[in-house]
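Colleague: Let's see this in three dimensions:
(2 chains)
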2 protein chains.
Amino acid sequence: MLENPPKLLSTHSFETVKMTKTWGQSAGKTCKTFTRILRDYTFGDFLMNLEVQWIVGFVDGEGCFHIGINKNEKTKYGIQIQPEFSVVQHQRDIQILHALKKYFQCGQVRPNHGERYMFRVRGHENLRDRILPFFELHKLKTKKRIDFEKFRDVVRMMEKGDHLTEDGIAKIRTIQETMNRKGKKSKI
Amino acid sequence: MLENPPKLLSTHSFETVKMTKTWGQSAGKTCKTFTRILRDYTFGDFLMNLEVQWIVGFVDGEGCFHIGINKNEKTKYGIQIQPEFSVVQHQRDIQILHALKKYFQCGQVRPNHGERYMFRVRGHENLRDRILPFFELHKLKTKKRIDFEKFRDVVRMMEKGDHLTEDGIAKIRTIQETMNRKGKKSKI
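Modeller: Numbers count the residues shown, from 1 in each chain, chains lettered A, B, ... in the order given. Here you go, the predicted structure:
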C-alpha cells in the first residue's frame, strides 16, 4: 500500500545529491536531472510531504471520482467507458497537484478551465493498483465515499471485461447516473 | 493543544453510560443528556473521529477564514470587525460539520444557502484559544495558509484593541481586502 512515501522518493533524493555534486556538468543525464529538480523546486513539491489523512481530507473536499461514457466508433458498441480520478485547483496551488502525482506515482497534471489545473488519473492499472487500494484502506468521511465505492465497482467490472458487453455497459451506465450528486445523465 | 481528542469527549462518553443506566427517568438533567445523545447519534458524529491531518486537508479544500467588516452604530466609528472561521457543506454531509464542532469544542452548525449548512466559529476567545492554535501547529498546505495568517494577525490586533481605533480599523480593512483570493473590497 501507499502508507509510506513511495520508493521514487528515495531515487529522487539520491538524484538531488548527485546533482549538487556535479553542478556545472552538461552531460545529458545530469542535465535532465537538473531540469527535473528545477521544475520540482519551482513547484515547491520538493518541500511538500502529504500525510495520508491530509490526502483523504483534501479529496473529501476537492476530489472527484468520475465515470466517463464517451462515443468511440472503434469499440464494438460505439461506447468507451473511462473511469477517472481527479482533483482540480487554481494554478496558485498547482504544487498540491504535483505533490499528489508524486505521492500516487501516476496520473498527469494538466490545464483545466481558465486558471485551473487538474491532477488526473486514468488507466486501468493506475486506478486498480494505486487509487483503489489507497481509498479502500483510508476511507473518505463525506458522502463522496459512496461515489468512490461505485467508481471502484465499475473499475472491477472492467477488470472482468463487463464494459465490452452490451449488458455490462448498461449496468455501468446505471451506476454512473447515480454518481456525483448531480443526477446528470450521460448525454450519449 | 487539540492534538488529542478534547476532554469533552470523555464527559460525553461518561454521560452516555449514565444515560443507559438511568433510561426511563425523567429528571431534567437525564432528559437533556438523552436529547443530546439522540441528536448526536442522529447526526452520526458519535461514530466519526476526525484525525488532525484529515481536518487540515479538508479545511485546505473547504474552509474559509473571513474578516467581516459590518456597520454597527453602537461602536465609536460605526464599524464592527468580525473574524469568522467557517466550513460549508451540503446537508448530506452535515455530520462532518457536527464532528468539527465537537472536535474544536466551539462554534455553531446552522443553515446556509439552499440545502447547505455551515460550521461557523466566531468570538474572540474561541478563535484565539481553539482555532488559531490548531492551524498554527498544523499548517495548511494550500495558499489558504496565507489567508489564515492574515486572519490570525487580525485576531491578534483585536486582542490589543486595534479594532477600536480609526487607524486600527483602516489597517484591518487593508488586510481584509487582500484575503480570500477574490480581491473583493468590503462594501462598507
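
Colleague: Assign a three-state SS to A:Asn49, would you?
Modeller: coil (DSSP: H, G, I helix; E, B strand; the rest coil).

Colleague: Can you read off the pLDDT for it?
Modeller: pLDDT recorded at A:Asn49 is 81.

Colleague: which bits of chain A sit near chain B?
Modeller: A:48, A:50-62, A:89-90, A:92-93, A:96, A:99, A:141-143, A:181 (C-beta under 8 Å from any C-beta of the partner chain). To be clear about C-beta, it is placed using only N, CA and C from the backbone, and glycine gets the same treatment.

Colleague: State the distance from A:Glu125 to B:Ile67.
Modeller: 48 Å (C-beta to C-beta, to the nearest Å).

Colleague: did I read that right, A:Leu127 in a helix?
Modeller: Yes: the assignment for A:Leu127 by three-state DSSP puts it in a helix.

Colleague: Number of residues surrounding it?
Modeller: 24 (other C-beta atoms under 10 Å in any protein chain shown).

Colleague: residues in contact with the nearest residue to it once chain neighbours are set aside?
Modeller: Spatial nearest neighbour of A:Leu127, chain neighbours left out: A:Val155 (5.1 Å); criterion: C-beta to C-beta, 6 or more residues apart in numbering or on different chains. Counting by C-beta atoms under 8 Å, 6 or more residues apart in numbering or on different chains, A:Val155 touches A:83, A:124, A:127-128, A:132.

Colleague: What mean pLDDT does the host helix or strand of A:Val155 get?
Modeller: Using DSSP states H and E, A:Val155 maps to helix A:144-159. Helix A:144-159 carries an average pLDDT of 97.

Colleague: Show me what the residue positioned nearest the centre of chain A is bridged to.
Modeller: The geometric centre of chain A, computed from its C-alpha atoms, lies nearest to A:Val121 (C-alpha atoms, centre = their mean), at 3.0 Å. A:Val121 has the following beta-bridge partners by DSSP bridges: A:Phe85.

Colleague: Just the CA trace of the helix holding A:Val155, in CSV.
Modeller: Output of helix A:144-159 as CSV, limited to C-alpha atoms (Å, rounded to 0.1, in the frame of the first residue of the first chain):
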residue,chain,number,x,y,z
LYS,A,144,-18.2,11.1,-1.5
ARG,A,145,-17.2,7.7,-0.2
ILE,A,146,-20.3,6.3,-1.9
ASP,A,147,-19.2,7.7,-5.2
PHE,A,148,-15.8,6.1,-4.6
GLU,A,149,-17.4,2.7,-3.9
LYS,A,150,-19.4,2.9,-7.2
PHE,A,151,-16.3,4.0,-9.0
ARG,A,152,-14.4,1.0,-7.5
ASP,A,153,-17.3,-1.3,-8.6
VAL,A,154,-17.1,-0.1,-12.2
VAL,A,155,-13.3,-0.5,-12.3
ARG,A,156,-13.7,-4.0,-11.0
MET,A,157,-16.4,-4.7,-13.6
MET,A,158,-14.0,-3.5,-16.3
GLU,A,159,-11.4,-5.9,-14.9
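
Colleague: Sort out which residues of stretch A:129-138 are buried, please.
Modeller: Applying a neighbour-count criterion of 16 or more other C-beta atoms under 10 Å in any protein chain shown, one finds A:130-132, A:134-135, A:138 buried in stretch A:129-138.

Colleague: the domain parsing of chain A - what is it?
Modeller: A:1-47, A:52-176 (automatic domain parsing).

Colleague: averaging pLDDT over each of those, which comes out lowest?
Modeller: Among the domains of chain A, domain A:1-47 scores lowest, at a mean of 41.

Colleague: For A:Ile96, the count of nearby residues, please.
Modeller: A:Ile96 has 28 nearby residues by other C-beta under 10 Å.

Colleague: mind checking which helix or strand it is in?
Modeller: A:Ile96 belongs to helix A:94-104, assigned by DSSP H and E.

Colleague: what packs against that helix?
Modeller: Helix A:94-104 sits against helix A:28-43, helix A:52-62, strand A:79-90, strand A:108-111, strand A:116-121, with contacts defined as 3 or more C-beta pairs under 8 Å, 6 or more residues apart in numbering or on different chains; DSSP states H and E.

Colleague: What helices and strands are in contact with the third one?
Modeller: Secondary-structure packing of strand A:79-90 (3+ C-beta pairs under 8 Å, 6+ apart): helix A:52-62, strand A:63-71, helix A:94-104, strand A:116-121, helix A:144-159, helix A:166-176.

Colleague: export those to CSV and tack on distance to B:Gln108?
Modeller: Formatted as CSV, those follow (distance: least, C-beta to C-beta, whole Å):
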stretch, distance to B:Gln108
helix A:52-62, 20
strand A:63-71, 27
helix A:94-104, 30
strand A:116-121, 32
helix A:144-159, 24
helix A:166-176, 37
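
Colleague: looking at the ones you listed, which is closest to B:Asp167?
Modeller: Minimum separation from B:Asp167 across those (C-beta to C-beta) falls at helix A:94-104, 36.9 Å.

Colleague: got the angle between the closest one and helix B:52-62?
Modeller: For helix A:94-104 against helix B:52-62, the angle by axes from the mean of the first three to the mean of the last three C-alpha atoms, to 10 degrees is 140 degrees.
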